[in-house]
Every structure is written in structure tokens, then in C-alpha cells.
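Novice: Sequence and predicted structure below; questions after.
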Amino acid sequence: MKMQGALDFARSEMIALLRAVEPDVLESLLPAATLDAATRARVLGQAGLILNDLRAAQKSGWINRFLHEYRLNTQEGVALLSLAEAYLRVPDSATADLLIRDKLGDADWKAHSGQSDSKLVNSATFGLVLTRALVADEGGALKGLLARAGEPFIRAGVAAAMKMMGGVFVMGRNINEALDRAARPENKGFTASFDMLGESARTTEDAERYYTSYEHAIAAVGASKKVPGHNISVKLSALHPRYEVANAAACVPELTEMMTQLARQAAGLGIGLTVDAEETERLMMSLDIIEGVARNPQLSGWEGFGLAIQAYGKRCRPLVGWAQALGAATGNRLMVRLVKGAYWDSEIKKAQVDGMSDYPLFTRKAATDVSYLACARDMFDASHIYPAFAGHNALTVATLIDWAGERRDFEFQRLHGMGEGLHERLVCEEGFACRTYAPVGGHRELLAYLVRRLLENGANSSFVHQLADTAITEDMLLADPATRISSVQGRPHPGIAKPADLFPGRINSAGLDLNDAATLTSVLTVVAEAHPVHATALVSGQPVTGEARPVINPADGTMVGTVIEAVAYDVRRAIAAATAAAPVWNARPVEERAACLERLADLLEENRPELLRLAVREAGKTIGDAVAEVREAVDFCRYYAVQARSGLAQEILPGPTGERNELRLVGRGVFACISPWNFPLAIFLGQITAALVTGNAVVAKPAPQTPLIAFRAIELAYRAGIPPEVLHFLPGGVEIGDAIISHTGINGVAFTGSMPTARTIARNLLKDDNRPIVPLIAETGGLNAMIVDSSALPEQVVADVITSAFRSAGQRCSALRLLIVQEDIADNLLKMLTGAMNTLVTGDPADIRTDVGPVIDAAARDKLEAYRQSVKDKWVHALEKPAGTGTFVPPTLIHLEQVEDLTTEWFGPLLHVVTWKAGELEDLVGRINAQGYGLTMGVHSRIRSTAETVSKLARVGNLYVNRSMIGAVVGSQPFGGEGLSGTGPKAGGPHFLMRFVSERTISTDTTSAGGNATLLSLAETDI
């Protein structure tokens, strides 16, 4: 019980520290990381010796010198790395040539000519100079002379160079080759931890293959007698395609069982097994798995099991305590590998994108070093931990050596291919142990791993990078991290804004951490509540009378609530009241109107639980999509408030003396805002708030399927200070929409929906010849295509396709409808894609495990299903429909012969796929344009010129490069289309509000009342 108490206490500390204030966390770490003067002097002496060793190693071997010449702070180094990332996966020569030209053709290789003291490096540089001459656009006569024969030669040379780079950083292409290399003389005295390059599994087949590779590696290491002491590192994400908190109930026991089997195999052979650290959100799950394995009675007495801990995490120190407590509870010593951390940049971005309260990690490199040292002290003191200290920082290693004294019951670790010279003398002369973290796998498979590790160690703050920079002095290299952090009082890095402070002038919307167990439990509890909600049309804030209509949950057919819809009489009353109220509202200062929007944003966040429940139960949104929906609505409110303050102020225009010219922007009168069901809160409020803040009165009509959440938004708007007579709520069907649009009191329309409905609105607005022409702001969907060439990374493509096509059950205006894959990679990519589809969960959106919820209603389901069945002979892959009464449409992949075969926007989880030939990119984009739609397009390519070509030619409102095609962020990615996809301007963009206003210019002759006072009052001056 005592040990269990220690484990529980450590977990509670980790929970408290997840997003704690950085200075507070560092304050508790600094005492353990601070060196007294005597210790500091000894450490600097040792660090100086290590620096000498490192610099000597950098000058040994032409590859080391080559990498030193082409560091990541040079354009050329980045070009080489970018080429390495993609080249070996490109199967066709046309794309390979484009990739080479793209990465090598613009770099200044001549600047490196003769700069190295290695003849081989200078020879390689000459080869790069020649290659640039052959592939660059201005290659001239030389290029013309050698092009036909030269390009195959260049491809062969580049392939060989990329494999050579792979050989530097990968121990072997398979475990037997890696074992042979580990036994070479240059590795004498070093053991290895073999990593089978198990990147995150995308499919069940991937996970099974990785598991088999781990089994084989353990057996091979156990059978090898060449060098004893090697072990294996395992990534849990490689063993399960859905290793996610949302799927913890399934994946944790499954992974515990798999890891137990691997651990039993390793224990039987006397092999160590370490669980690698991964992203922050997976930490608590990984601890459940590790504890489950460690407590298995069949592993009693085995001390080869362990875990990696990332020092950049704020929870790092209590995690060490947890490992100590687990070791004590099981009676074994755990192997703990302490690393600086490998996911820093992606963790920073994710916290920003998700709107978290703070970061789960430190924002300064020196802070990570302080955390590392504090954790290292605890590990030295722990009785049930075998410490392993990974890293390439000379000062850190020197500090650990000083603290260790005569101890040798621990080990250092380093990445294979990096930090040579750091440990060799320590191992050979001073008896320290060092293990090499050794990637194993084919060169094609290593690339994503290789790039991440090189970027991690090539960052400006990295010791490896700094050591290679002659501008950085030894004093700078060996600066004390504790002193540095104390000097800034532990403050976060000023160049990294907190997630709430990303956007100028406004607070970023707050997200919810659904990877936190307590937060997730709270959300699930709220969403499960079935409180009936009653809504009614509101004219000047007063409910109308009439018969209530039920509102149905599309997931199960149950009633969510009721709504009393408007009738034609209510429409006339509302528009009359709005017309009377609009001038008074328009006369109120912009600041007052903007303040109402900001209060509304705050109220939306305060009432988020109820809004989430309605989004899930009424609109069929998954929990993650519901959170994003509320955040977008909040962002619209705050963004338009900022835009109004800066954009609606009166402007004095230039002109001749004696004249004043003033430009004013005023509301148009009464705006009709007609919103869709797929974003029943965000688009609904986005339209309304834009119209209100610009001085217009509004009559708002939500979609018939989702009136409840819209009604709640209107109530909150009233509480925020929007006068009821300025904002009217008119739920209903087509007849209410027609009545609103046909009324001549409407001075503008904001609409999101289908093109046929937009055309009907446009015609109705022009029926009465006596009616002024009023603006129609429309966004109407599209045949959104994604182009994938053979240089793209398939794993990233598949993840982005799954997100773009099937999230929100494909019911986003921006959703991917047409996947266009280069034929050279189509078979393999589609195999991976169908495998990833098989991992999707279709079902009740109130279940956190659900990926694909229902479509909005039976009519949508029947329309989609009829089409799906009509093209059944073209199915590439389709999932099974879940049981139950919900309006579900199974995610389906449909093959088409050509782009032109898709003529209709199928608004659901149906993805069409065609192939294209290399060299036909411009024609392909032209054919997509010819379809007439222009909302979103995606392109996946590692070739810059390809992305630039698509960017230049594509006639779309939003182009997404090497990312998913959904989730436009207010203020960052203004959203809207052209052609058949809408009129513009873009919602959430800097020009949107201008469509809601009229411009008025007032010109005054200021001399008419007694001469030109400005000229007459000018003083004499000698200047």
C-alpha cells in the first residue's frame, strides 16, 4: 500500500504540472540543478576535455567533415536534408528529376568550393556545383549538351548519396546487419539499443508488421554472441494504429498484452526492453501499459525493462519519482533513459492549435537542461532505477561525471551517427558505459525518422549545431543553464506566445484537453445528459405562439427537443421591427457594438458544456468537432470586434487645402442571415456578428435541422447586450427563407448552403424591379480535390486524406471529395488508405471513440446511399454500416476514370479517387478548374515548384499544401470560394466586414465661412 501511495502521489503531481506556469515549475527544479563554485570549476575542466574530443572527431572522416560543411544553418544543408526526406521513395524518374532540380538547383554550392580541408568533401562539393549547372533553369549550353545523358547519371549519384547519408545515421538495414556493424572495431566498448524504426502505425497491417520486427529483433539479439548487452527500444505507437486517449479503453489492454509478450521473450533471452517516449498526450496511457507489464508476476526478478523520459516536459521530475515507486513496488530496478526530448516543435504547435491554457513543456533550451539535471540527481539517488543519460551536450555529460564520482552503475547513451568523440575516451579510458541508440531499417523507411532527428539536433539551440558554429565561443557553449534561467526568473521564451496570445488584439479561443482524463470524463458526462431543449421563433426577443415540432438526434432517432417555427406574419413583424431599430443601432459607437461581441464570446465559453451537448445531440457532431465548433464561434466574435474597431473608423481623405473629405462606413440596414446545419453555431454566429458589428439589424434563419443550438446562441447574444429589436430569430423551412428573401425590407443577405439555393436567393432578390440591388454574400461548397505526386510522404498523405474526407462525416464545405494520385504510387497509397479506413469507428458521436458520426437526417442519408449503391461496381473500399437507427452512411472510396466524372458535390463520407500521369500537372489543374467550382484544393508534394505551379493556376479560395484541407482558422485562413463556390469576401478574413457596409463620402469647403483658416494661420519659418 505504501508503494501504491507513492505511485498515486507521483501521478497526482504529474497531473498538476501538465500545464503549470513555467517559472513556478523551474523554481522547484533550480536548487537541484545549480552547481556551487567548486563543482562548476571541476565541471568546466572536464567539459573542456570533452570539447577537445568532440572537435577532433569532427575532423576525422570525410563524412563527418561533409556534414560539418553542410550544416542545417545553411541553405545547402537544408536542401540536402529535404532531398533525403523524399528522394528514395520516389519511384518515377520524371518526379525524381523535378525533386533534384527543386532541392539542388537554387542552392549556392559554389560558396562551399574549397572550403573544407577534406579533398573528398571538396570533390563532393564540385559534384554539387556540376549538378546545379545541369539541373538549374539557367543551365544553358552545358545543360543542353548533357541533359539527355546527364539526368540518369545524376539520379544514380543522388540515390547513392542519399543511401550513404542513411548509412551514417542508421545502424543497419536489418537487425543482422546492425548486429554486424555494432561488432566492428569502431564500436568497441559500446552496446546498442536497437530501434526498429517503428514509426506510428497507420493500419493494423503496419502494426502487425512492426510487432513481428520487434519479435525478430529480440530473437536475433538474444542469439547473437558477438557483443553482449544490446537491448531493444519499442514505440507503442508502432504497435497500434489507434494508440490514442480516445481509444484508451481498447488500446491500453491490447498494448499491455503485446508488450508483456515481448517482455517475456526478452526476459527469457536476457535482453533489455525499453519503451520509447512519445507525445505528451500519450504519457499517462503509456504509464498504464508500463505498469501493467512491470507488475506481471512472470517477469519477477527481471531488471531489463524500462522507459524513456523526456526532460523538456514539465512533468519530468515526478515521472522519475513514479519510475522509482514502480520499481520499489515490483522489487526490480527499472531502466530509465533520460533524454532532452524529440517532439518539441510539434508539441508547441499543437498546444497553439488546440488553444490550450499553457504548454506541457519548457519553452527555453536552458530550462530543459535545468530539468534534465534535476531529474538526473533524482535518478542517481533512486534505489530502484538503473540510470541511462542520453544526450550530446558536453556540459551535461561533464556535470554527470562529476556527480557520479567513482560510480559506474549507470550508462550514457547517444544517437548513432551523432556526437562521435563525446564518449569514446570515457568508455575506453575511464570505465564508463555508453549505449548507442541505433535505428534499424531500410533507407526508404528511415527518412521520416532521420529528418526528425537531424532537425532536432540541428536546431539553433542544439549543442551539436552550436559546436559546429565557429561564431559560438567556448564560454557560450558551456554557459550554465541554471544561471541563465535564474537571470530571467524562469520566464518563458519571449518569442513563443502562449496559445491564448497568438492573435494581435484578441484572446484566442480556449480549447479543451480531451487527452486529460478528468476533462474528458467531465465532457462525456455533460454530453450524455438528455435535457429536452425547447426553442421558439423570437421577434424583438418575444416568443411566438404555435405548434411545437420535434428536433431529432440523427445518431439514434430520439427527440432532442422541440421548436416553434416562424410563420409569414412573424417574418413581416421582424423585418419591420429590424428596419425601425437599425438606424439607432448603427448610430451607436463601433466600440459599443464590438464590446457586445466580446461579451458574447465570453458567454459562449462560459456556456460551452451546454453548447457541446447540443452540437453532439442535435447536429450529430463528434465531441472533438463540437469543441472546434464552439471555438470557431468564439473566434468569429472576437475577430470581427477587432476588425470593426480598426476598419470602420471614419477616414479623412487627402485633397487640396481648404477642403475636408471624410469617408464613413455605415450599416446597410437589415441583413438576412441564412445558415446551414453543418456548422449550426459557428457559421450561424459568424454571419450574425459580422452584420451586427457593422451596424445592421439582423433576421436570422437557422437550418431546420439545428434550431436548438441557434436559439441558445440568440439568448446569449441578448445577454451580451445585443438589443432584441436588432436581432430576430426566425427558424423554419424553405417557405420562411423565401418569405425573408422576398421582403423588400431586406438590404443584404449572408448565405451558406447549396448552389441551387443560392441561385434561388439571387433570383428572388431581383424579381422586383423597384427594389434596390442588394449584396448577396454566399458560400456554396465545391468539388474539392487533392493532388498527390510521387514525392509526397504516404503516411502524411493518408492521415490528411482520412481527416479531410471523413471527419465530420464528410459534411464540411471544405471536405475532400476527389483524391487525385500520381499513378506511380497509387496502388501502394490506396492500400495504406484502405487499411487506415478500416481503423475508423463509425457510430454514436457522443462516444469519444467515434470518428465518423451520422449524416444530418434521413433525406441526406437516402440521397447519399442511393448514389453509393448506384456506383457499387466502382467501390475501391467501403466500411460496414453500424447497427442502429441512426442516419449513418459508411465511409466509401469510389474509383473514377477521370476528373470530369465527378460533377456533383456529394455531401457525406464518400471519397472519389482518380490517377494522373507525371508531367501533366498543369493540364490536370486546368481540368479541375474547368469544373467551375473553386472552394478548396490540396496538394501533397515535396517539390516546391509543384506547389507553386498549383498555387499559380488553381482557381480556388483556399489551397492547402502538405496538410489537411479542413479546419480553417478565423484570422489565419479566411474561408470562402469563387466561381460556383461562392461570391466572397472570405469569412474570418480582413475584408469580410466591408461587404456589410455602405460607403459615404462627405466633402466640405472649409473656406466658405471666412477664408482658408489653415493657410492664413501658417507661421513663417526658415526651414
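Specialist: Sure, I can see it. These numbers were taken from a predicted model, which means no experiment stands behind them.

Novice: element containing the residue sitting nearest the centre point of the chain, please.
Specialist: In the chain, the residue lying closest to the centroid (C-alpha atoms, centre = their mean) is K350, at 5.5 Å. Element membership for K350, per DSSP states H and E: helix 344-353.

Novice: How far away from the center of its chain is that helix?
Specialist: In terms of C-alpha atoms, centre = their mean, to the nearest Å, the centre of helix 344-353 is found 8 Å from the chain centre.

Novice: List the buried residues of it.
Specialist: By neighbour count on 16 or more other C-beta atoms under 10 Å, the buried set for helix 344-353 is 344, 347-348, 350-352. (Each C-beta comes from the backbone N, C-alpha and C, glycine too.)

Novice: Residues contacting that helix, please?
Specialist: Here helix 344-353 makes contact (C-beta atoms under 8 Å, 6 or more residues apart in numbering) with 279-280, 312, 358-361, 363, 455-456, 459, 496-497, 499, 502, 508, 969.

Novice: repeat that with 7 Å
Specialist: 279-280, 312, 359-361, 496, 499, 502 (C-beta atoms under 7 Å, 6 or more residues apart in numbering).

Novice: do stretch 797-812 as well
Specialist: So stretch 797-812 is contacted by 202, 621, 625, 678, 786, 788, 815-816, 819, 829, 832-833, 836, 840, 851-856, 891, 907-911, 938, 940, 963-966 (C-beta under 7 Å, 6+ apart).

Novice: So for that stretch, mean pLDDT?
Specialist: Confidence for stretch 797-812, expressed as mean pLDDT, is 98.

Novice: and if you look at stretch 696-709?
Specialist: Per-residue pLDDT values over stretch 696-709 give a mean of 98.

Novice: Would you mind measuring the gap between the ends of it?
Specialist: Terminal residues of stretch 696-709 are spaced 23 Å apart (C-alpha to C-alpha, to the nearest Å).

Novice: same deal with stretch 803-812?
Specialist: For stretch 803-812, the first-to-last residue distance is 11 Å (C-alpha to C-alpha).

Novice: list the buried ones in that stretch?
Specialist: 803-812.

Novice: Closest one of the residues you listed to G658?
Specialist: R812 (56.0 Å; C-beta to C-beta).

Novice: so how far is stretch 390-401 from its chain's centroid?
Specialist: When distances are taken as C-alpha atoms, centre = their mean, stretch 390-401 is centred 33 Å away from the chain's centroid.

Novice: Please list the residues outside that stretch that contact it.
Specialist: Contacts for stretch 390-401 (C-beta under 7 Å, 6+ apart): 43, 46-47, 50-51, 54, 337-340, 369, 372-373, 376, 389, 412-414, 418-419, 422, 437, 463-464, 478.

Novice: Next: stretch 545-554.
Specialist: Residues outside stretch 545-554 that contact it (C-beta under 7 Å, 6+ apart): 559-565, 567, 617-618, 620, 707-708, 854-857, 886-887.

Novice: which ones are touching K621?
Specialist: Contact analysis of K621 by C-beta under 7 Å, 6+ apart lists 615, 629, 808, 845, 853.

Novice: that older thread, next, format the contacts of helix 344-353 as TSV and append neighbour count, secondary structure and pLDDT.
Specialist: Formatted as TSV, the contacts of helix 344-353 follow (neighbours: other C-beta atoms under 10 Å; DSSP: H, G, I helix; E, B strand; the rest coil; pLDDT from 0 to 100):
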residue	neighbour count	secondary structure	pLDDT
E279	18	coil	93
T280	23	helix	94
Y312	25	coil	96
Y359	26	coil	97
P360	23	coil	97
L361	25	strand	96
I496	13	coil	95
P499	22	helix	97
L502	16	coil	95
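
Novice: Using CSV, lay out the buried residues of helix 344-353 together with pLDDT and distance to A778.
Specialist: Shown next, in CSV, are those (pLDDT from 0 to 100; distance: C-beta to C-beta, whole Å):
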residue, pLDDT, distance to A778
W344, 89, 43
E347, 93, 40
I348, 94, 38
K350, 95, 34
A351, 97, 36
Q352, 96, 32
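
Novice: quick check, nearest of those residues to L665?
Specialist: L665 has its nearest neighbour among the buried residues of helix 344-353 in Q352, at 32.8 Å by C-beta to C-beta.

Novice: What's the separation between that closest one and G511?
Specialist: Note on Q352: its distance to G511, by C-beta to C-beta, to the nearest Å, is 10 Å.

Novice: what packs against the host helix or strand of L179?
Specialist: Assessed by DSSP H and E, L179 sits inside helix 175-182. In terms of contacts (3 or more C-beta pairs under 7 Å, 6 or more residues apart in numbering; DSSP states H and E), helix 175-182 is packed against strand 190-195, helix 204-223.
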